[in-house]
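Undergrad: this is the structure alone, sequence omitted:
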């Protein structure tokens, strides 16, 4: 039974006592105690295996879930970062400039506005002067038709002035203003009607572009002129306007 | 003939999930450990409780087991400490009357031999009961576990000389107790 036989122990150990003890001490572990311990040992290993098998599939699933979630977040952030295009980038350079259709020029817009004003004015005039039969025609937006219409309106206004009563006192002022502006506008030849923006051809040359800016300013279109000048300076930073 | 695996190798195999390795290891040490606790506590119920507690701790410690010392040293160190903790918890004084005289499951003995053996065992247990706890502990560690003095000192937490003197005194007293009923129960080895 002794596993270590150290010689110095011979003095401390009596062989007869050891032999006597070895002969008498022969008890065995009770069987139920053996079974209890062995069951506990097996149970512990089964518990380890359960944890191991759980981890075996749990870790890959957790990893894939993490990767999937990260991708979803990244894709979602990418979508929100793509801003929807602004309605009209060019408007930023020229704040109060009117919104124009791509193929429509400033001339057409002005003509339209003025023609509509003419129509409404004519309608008012027709209502106030019952004797007069004013023909309210939708003005033709072509330049020639507009000029003709303006002249006609002017003529009518003059006639109304001659025939008007008190009720129409206010009319001539409005009509007069309208007449003056339209007349001033109508006297200008079509070829010199100023657009609100410079053409691409003008923008290709700095000098021509500058002339366009000057034209806009002379036409009273200061805002358009400032906008074009700013664009010119961005395109040609070294440009210095002649004094 | 196959090589008998060492205790530490069996414990490491159990650590890896080999329950059969644990059973082999258990069968090697269960009886000696049981006897150690039985005669240390002089109480069967105490011995069984502590016995189960010791193996439970061995099973739980399988993941952290490192073969830095002999498995026997590890086992009896755990057993020694568990017994001390048990005594402190239960505040029980060792009683020498709770030992079952007929606990030997040796079916081969004839009735008269059984009776003689039983009487001799009773006298041995009585003699062990007269020893101080520390001397009985050292004696049983030497006889049941086969530990050296140095290892006994390590297990019991005393220096080598103290362990040596305890073992010496234990043997002397047992020899005296065995010699008292002169010629009646003493048998030659």
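TA: Nice, I can see it. The shown structure was predicted, so the numbers you read here are calculated from the model rather than taken from an experiment.

Undergrad: go ahead and confirm residue A:201 touches residue A:212.
TA: No - using Cβ atoms under 8 Å, residue A:201 is not in contact with residue A:212; the gap is 9.8 Å. C-beta coordinates here come from the backbone N, C-alpha and C atoms, glycine included.

Undergrad: which of the two has more residues huddled nearby?
TA: Neighbour comparison, residue A:201 and residue A:212: the larger count goes to residue A:212, with 24 against 10 (by other Cβ atoms under 10 Å in any protein chain shown).

Undergrad: surely that one meets residue A:202?
TA: Yes - using Cβ under 8 Å, residue A:212 is in contact with residue A:202, at 4.6 Å.

Undergrad: quick one: contacts for the residue nearest the centre of chain B?
TA: The residue lying closest to the centre of chain B (Cα atoms, centre = their mean) is residue B:36, at 1.7 Å. Contact analysis of residue B:36 by Cβ atoms under 8 Å, 6 or more residues apart in numbering or on different chains lists B:76, B:79, B:140-141, B:144-145.

Undergrad: what's the separation between residue B:10 and residue B:23?
TA: As for residue B:10, its distance to residue B:23 is 9 Å (criterion: Cβ to Cβ, to the nearest Å).

Undergrad: the more surrounded of those two?
TA: Counted by other Cβ under 10 Å, residue B:10 and residue B:23 do not tie: residue B:10 has more neighbours, with 21 against 18.

Undergrad: where does the more buried one fall, secondary structure wise?
TA: helix B:7-15 (DSSP states H and E).

Undergrad: quick one: distance of that helix to the chain centre.
TA: Here the centre of helix B:7-15 is set off from its chain's centre by 22 Å, with Cα atoms, centre = their mean, to the nearest Å.

Undergrad: right, and the helix or strand after the helix or strand bottoming out on mean pLDDT in chain B?
TA: Across the helices and strands of chain B, mean confidence by mean pLDDT, DSSP states H and E is lowest for helix B:111-130: a mean of 86. Going down the chain from helix B:111-130, the next helix or strand is helix B:133-143, by DSSP H and E.

Undergrad: now that following helix: average pLDDT?
TA: Averaging pLDDT along helix B:133-143 gives 95.

Undergrad: is stretch A:26-37 positioned near chain B?
TA: Yes - using Cβ under 8 Å from any Cβ of the partner chain, stretch A:26-37 reaches chain B at A:26-30, A:33-34, A:36-37.

Undergrad: and residue B:169, how many residues sit next to it?
TA: By other Cβ under 10 Å, the residues close to residue B:169 number 17.

Undergrad: for residue A:13, same thing?
TA: Around residue A:13 there are 20 other residues, counting by other Cβ under 10 Å.

Undergrad: could you look up the SS state of it?
TA: Secondary structure assignment for residue A:13 (DSSP: H, G, I helix; E, B strand; the rest coil): coil.

Undergrad: ok, now the one 3 residues further on?
TA: Under the three-state scheme (three-state DSSP), the conformation of residue A:16 reads as helix.

Undergrad: that one touches residue B:174, doesn't it?
TA: No - using Cβ under 8 Å as the test, residue A:16 is too far from residue B:174 to be in contact (9.4 Å).

Undergrad: look at the two and report which has more neighbours.
TA: For residue A:16 versus residue B:174, the count of surrounding residues by other Cβ under 10 Å is larger for residue B:174: 25 against 17.

Undergrad: kindly calculate the angle that whatever helix or strand the more buried one lives in makes with helix B:133-143.
TA: In this structure, residue B:174 sits in helix B:160-179 according to DSSP H and E. With axes from the mean of the first three to the mean of the last three Cα atoms, to 10 degrees as the basis, helix B:160-179 and helix B:133-143 are set at 90 degrees to each other.

Undergrad: so what secondary structure elements neighbour helix B:160-179?
TA: Packed against helix B:160-179 by the contact rule (3 or more Cβ pairs under 8 Å, 6 or more residues apart in numbering or on different chains; DSSP states H and E) you find helix A:15-24, helix B:111-130, helix B:133-143, helix B:149-156.

Undergrad: dump those helices into CSV; add distance to residue A:226 as well.
TA: Listed next are the helices and strands packed on helix B:160-179 as CSV, based on distance: least, Cβ to Cβ, whole Å:
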stretch, distance to residue A:226
helix A:15-24, 117
helix B:111-130, 115
helix B:133-143, 106
helix B:149-156, 98
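
Undergrad: any weak-confidence spans in the chain?
TA: With no chain named, the answer covers chain A. Residues of chain A that meet the criterion pLDDT under 70 lie in A:1-10, A:52-56, A:80-150, A:153, A:157, A:160-195, A:243.

Undergrad: switch to chain B, please.
TA: B:1-3, B:92-109, B:181-189.

Undergrad: would you map out the domains in it?
TA: Under the assignment automatic domain parsing, the domains of chain B span B:1-95, B:106-189.

Undergrad: skip the chain neighbours and tell me the closest residue to residue A:199.
TA: Spatial nearest neighbour of residue A:199, excluding adjacent residues (Cβ to Cβ, 6 or more residues apart in numbering or on different chains): residue A:212 at 7.6 Å.

Undergrad: residues near residue A:227, how many?
TA: By the criterion of other Cβ under 10 Å, residue A:227 has 24 neighbours.

Undergrad: other SSEs contacting the strand or helix carrying it?
TA: If you go by DSSP H and E, residue A:227 is part of helix A:222-235. Contacts defined by 3+ Cβ pairs under 8 Å, 6+ apart place helix A:222-235 against helix A:90-93, helix A:200-203, helix A:206-218.

Undergrad: try 7 Å
TA: On a contact count with 3 or more Cβ pairs under 7 Å, 6 or more residues apart in numbering or on different chains; DSSP states H and E, helix A:222-235 meets helix A:90-93, helix A:206-218.

Undergrad: contact residues of chain A facing chain B?
TA: Within chain A, the positions near chain B by Cβ under 7 Å from any Cβ of the partner chain are A:1-4, A:6, A:9, A:11-14, A:16-21, A:24-29, A:33-34, A:36-38, A:40-42, A:44-45, A:48-49.

Undergrad: if anything else comes up later, I'll come back, but that's it for now.
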